[in-house]
Structures are given as structure tokens and as C-alpha cells.
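In: Give me the fold of what follows.
(one chain, ligands or ions: 1)
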Amino acid sequence: MDPFPPLQNDLLLRAARGEDTPRAPVWMMRQAGRYLPEYRALRASSSFFEACRTPALVAEITLQPLERFDLDAAIIFSDILVVPQAMGLEVRMEKGIGPSLPDPLRHPDDLRRLAAPDVPAELGYVFEALTVTRHALAGRAPLIGFCGAPWTLMAYMVEGAGSKQFARARSWLHRYPDASRELLGRLAETLAEYLVRQVEAGAQAVQVFDSWAGLLGPREFEAFALPCLRDLAERFKQAHPDVPCIVFARGAHHALQALADTAYDVIGLDWTMDPAAARRQTGPKTLQGNLDPAALFADPATLRAAVRRMLEAFGPRRHIANLGHGMHPDHDPARAAVFVDAVHEFSETLRKAE
Ligand code: CP3
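Out: Residues are numbered from 1 along each chain as shown. Below you'll find the model as predicted:
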């Protein structure tokens, strides 16, 4: 028997499976975070990773955006970098700077320092947080679990911090192709188990963030990033064939068709991608996205017009409305409400006009 409260809003799950829905479901990447004063208030008393390790706090932060906006999904409050931590690398979150890894991978020999983690033991706090959050959600909307893609995690593990170009990480692919493949393969294996167990703990859909996919040329993406992304989805789907799996490969214009040929159910688009062109490349797959987060700085009328254009470009079916990347810390929560409400309103009108 399902131990959780019954789900009252399954729009996202249905759209992800390609089923018809009365309107497009909507959520926002980075919907929980610093643009919300109630998030900043909670974070004032604990560090970022302490908050991630405290299930009651995770549940509260995850639900904060749902208290304000009419969202069709919650995404668990955590970070992609908890996996490198579980493999033995120290990761700090520096205020105003972002992630920093004081002792990154510098040479293939450093792979020996990386543990094959006991996932339930090292990441048990994430699973516990998912279970607590799923109960706290009380069936209002599905709970999304997530992980970073192997390449995006490798980028941080080699570079040691965020970067515009990740030149050091990219150079690994050329200097140490075998060690790179080994690292990516080990990440894919760990991440697959991590996602599978997230579902067992309460996640109802999962998203893989390949935020730095766009730094790779088509050849490197195909040779290094794509095989482990594909492997990750196949392993996940073997365990949970019916649980929707979303891939967001930011900047990977050239890869949309290849991604559509994998086991992912949904392909996320960033705001530089054209929905109509993506439709041609991805066939029957459901698409997610892709309003430029910067459009939330426009006045409400201009923002609403941009939302309408976006919905028209995707068409009325097989679309999960979202931003083309995450919320900014300086976004006004009131504009997020305009975005969400405009999706509801225009999406229903477009459906009815059919
Ligand atoms: O609401 C949600 O989206 C859920 C939680 C979530 C966070 N990080 C919380 C967070 C998710 C899904 C992520 C994913 C993540 N983390 C990605 C992929 C998505 C993307 O934006 O491309 C990446 C690349 C990271 C790594 C990371 N974590 C960076 C670069 C930073 C610093 C920059 C920033 O946006 O703040 C973080 C910190 C982080 N992760 C914060 C939050 C709410 C802010 C930390 C704080 O409170 O000080």
C-alpha cells in the first residue's frame, strides 16, 4: 500500500507521460531560494549544507514557493553537489560566491581518493528529507527529486569552483580521456542508485541537471557527456519504468535529437532554444521550459505577453511550462506569481480555442 497521502494534482506526471492535460503544468527551476524573504529568514540560522541535512527545514523550504504560487510541482531543496561530498570531496558554499571545493581532482591519480559511496548511508539525509517532505506536501502536487549530470558534477570536481568556461575541467577530456570516462562512468553509476532511492523515499519524478552541457562542443558532448547521461536514464528506468525522468542539458542545442533518442521522458529547453525547432528534433517527447528568467524583470503586462508567446510556441500539448533556467536571487516574488498565473490563464484559453 502507498504510505503517502493521495496525489490531488497529477498534471505534471500526465504531461510527462505525453497524456493530454486541461492546461500545461507549471513549476520554476530554483523556485525555492534566496529571492524569497522567508527562505532568507530560515537560512539566517544555519549554513546551506546544514539546512540540506535537516529534513524538517528541507520540507519547510521546499513548500515555501507552493504557499505563495499556484505551482504544479515541488522540487526537493538540496543541491547537486551533495553527491561529490558523499564521494569524499569537501564542498563548501561560500556566501555571495557559490560552491568551492578546496581539494579538487587535479590528476587521474586523484580518482583513487574518490569513494564508491554507500548511497543509503552517505545520502540517507536526502532520502529522509524526501519522505518528510512528501508527507508535508499532503498530495498537493508531485515531488521532484534531482541530481546533477555526470559531466556537470565532473566540471565542479575538477575545476574546484564555479567558472565561466570550466577550462580545467574541459582540458581533462583532452588530456586524460580515459580517466575522464572512468570518472563519468563512476558518477553515472552512483547517480543512478541515488535517483532510484530518491523515488523509493518519496520522489514522484526526477530531473537531471546538466547545467554545463553547453560548454562542450558537439563532439565532446557526444563522446563524453551523452553516453553517461544515457546510461543514467537506462539504469533509472530499469528500476522505475513509470516514473517520469526529465533531462535539462543547458546550452546543448546540437544534442536535442540525441537526447530524444534516450530513455528520458521529458527534454528541458533553456531560453536560447526555439520550441518549434526543438519539437521537430524531439518528435513525440514532452518538452519543458523555457521562458528567459530575465523576462521576470519586465513589467507585468510585458511579462504576460512573453508567457503567452512561449505557450503558443510549444503548442497546447506535451509541454511542462517552466523558466529556461533558475530564478535569480534578485527576482521579485510578485513577478513569479505573474508568470505562474499567466501560464494557468493562457494555457487554458489556448486549449479551449482548439
Ligand atoms: O528550488 C530548487 O530548485 C531546489 C533546490 C536546488 C538548489 N540547487 C538549491 C540551492 C537545486 C535543484 C539546485 C541545483 C543546482 N545546484 C545546480 C543545477 C541547476 C542550475 O542552476 O544550473 C547547480 C549548477 C548547483 C550548484 C550551485 N549551488 C551553485 C552554482 C550555487 C551558487 C549559486 C546560486 O545560485 O546561489 C548553489 C547554491 C544553492 N543551491 C542555493 C540554493 C537555494 C543558494 C545558497 C544559499 O542559500 O546561499
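In: my read: Asp103 touches Leu89, true?
Out: Yes: between Asp103 and Leu89 there is a contact at 6.9 Å, judged by CB atoms under 8 Å. For the C-beta atoms, the positions are set from N, CA and C on the backbone; glycine is no exception.
In: if you count what's nearby, which of those two comes out ahead?
Out: Leu89 (22 against 11; other CB atoms under 10 Å).
In: And the more buried one, how far from Leu232?
Out: Leu89 sits 20 Å away from Leu232, going by CB to CB, to the nearest Å.
In: where does the protein come near the ligand, residue by residue?
Out: Residues of the chain lying close to the ligand by CB under 6 Å from any ligand atom are 29-34, 43, 48, 75, 77-81, 93, 98-99, 146, 162, 209, 211, 326.
In: which of those count as buried?
Out: Neighbour-count burial (16 or more other CB atoms under 10 Å) applied to those gives 29-33, 43, 48, 75, 77-81, 99, 146, 209, 211, 326.
In: Now do the buried residues in the one helix or strand Thr302 maps to.
Out: With secondary structure defined by DSSP states H and E, Thr302 is part of helix 300-314. By neighbour count with 16+ other CB under 10 Å, helix 300-314 contains the buried residues Leu303, Arg304, Ala306, Val307, Arg308, Met310, Leu311, Ala313, Phe314.
In: a markdown table for those residues, including pLDDT?
Out: Shown next, in a markdown table, are these (pLDDT from 0 to 100):
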| residue | pLDDT |
| --- | --- |
| Leu303 | 98 |
| Arg304 | 98 |
| Ala306 | 98 |
| Val307 | 98 |
| Arg308 | 98 |
| Met310 | 98 |
| Leu311 | 98 |
| Ala313 | 97 |
| Phe314 | 97 |
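In: Mind putting those residues into CSV with distance to Val199?
Out: What follows is the buried residues of helix 300-314, written out as CSV (distance: CB to CB, whole Å):
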residue, distance to Val199
Leu303, 35
Arg304, 36
Ala306, 34
Val307, 31
Arg308, 35
Met310, 30
Leu311, 30
Ala313, 32
Phe314, 27
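In: Please identify the next secondary structure element, helix or strand, after the longest helix along the chain.
Out: Looking across the chain with DSSP state H, the single longest helix is helix 177-201. Note on helix 177-201: by DSSP H and E, the next helix or strand toward the C-terminus is strand 205-210.
In: Tell me which helix or strand comes right after that following strand.
Out: helix 218-220.
In: give me the element Ala321 is part of.
Out: Element membership for Ala321 (DSSP H and E) is strand 319-323.
In: now for the next helix or strand after that strand, which elements pack on it?
Out: For strand 319-323, the following helix or strand on the C-terminal side (DSSP H and E) is helix 333-353. Contact analysis of helix 333-353 by 3 or more CB pairs under 8 Å, 6 or more residues apart in numbering; DSSP states H and E lists helix 55-68, helix 300-314, strand 319-323 as its packing neighbours.
In: Buried residues of helix 333-353, list them for me.
Out: 333, 335-336, 338-344, 346-347, 350-351.
In: For Arg235, grab the count of nearby residues.
Out: Neighbour tally, Arg235, other CB under 10 Å: 17.
In: List the contacts of it.
Out: Going by CB atoms under 8 Å, 6 or more residues apart in numbering, Arg235 touches Ala188, Glu189, Ala192, Glu193, Val196.
In: Find the residue closest to the last one in space, skipping its chain neighbours.
Out: The spatial neighbour of Val196 that comes closest, neighbours along the chain excluded (CB to CB, 6 or more residues apart in numbering), is Ala239 at 4.3 Å.
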